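*Asks:* Quick check, what structure comes out for this input:
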Amino acid sequence: MKRYECPQLPQGWFREEVTRTKGLSAGKVDVFYYSPCGKKLKTRSEVLQVIKGNLPALSFDFRSGKLNSLQKHRNKQRGPQFDYW
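*Replies:* Numbers count the residues shown, from 1 in each chain. All right, here's what the predicted structure looks like:
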């Protein structure tokens, strides 16, 4: 388990990475965020709801904890888009 401050979010936020040790998903890393009041958040939408507009929604990548253009990253992964009629 790794827990550290997340400088990309407002002051007081912590990010935690927990590696699963058992079962078929052993080795997978779960990411959690803790708000300044100590609430544990498990999804990107929960984080954005608590921050309420203090962070551009498309720029926050939940898995890495970094600010970037998430939409641009997704388009690169998908490759070129073609229209089929």
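
*Asks:* Any stretches of the chain with poor pLDDT?
*Replies:* By pLDDT under 70, the weakly predicted segments of the chain are 53-58, 68-85.

*Asks:* Work out which residue lies at the spatial centre of it.
*Replies:* Taking CA atoms, centre = their mean, the centroid of the chain lies closest to residue 62, which sits 0.7 Å from it.

*Asks:* Surely that residue and residue 44 touch.
*Replies:* Yes. Using CB atoms under 8 Å, residue 62 makes contact with residue 44 at a distance of 3.7 Å. Placement of C-beta: from N, CA and C, glycine included.

*Asks:* For residue 29, give me the backbone phi and psi.
*Replies:* phi -100, psi 130 (degrees, to the nearest 10).

*Asks:* Specify the beta-bridge partners of it.
*Replies:* residue 19 (DSSP bridges).

*Asks:* My read is that it contacts residue 16, right?
*Replies:* No. The criterion here is CB under 8 Å, and residue 29 misses it with residue 16 at 10.2 Å.

*Asks:* Of the two, which one has the most company?
*Replies:* Higher neighbour count among residue 29 and residue 16: residue 16, with 15 against 11, using other CB atoms under 10 Å.

*Asks:* what's that one in contact with, if anything?
*Replies:* Counting by CB atoms under 8 Å, 6 or more residues apart in numbering, residue 16 touches 1, 2, 3, 31, 32, 33, 34.
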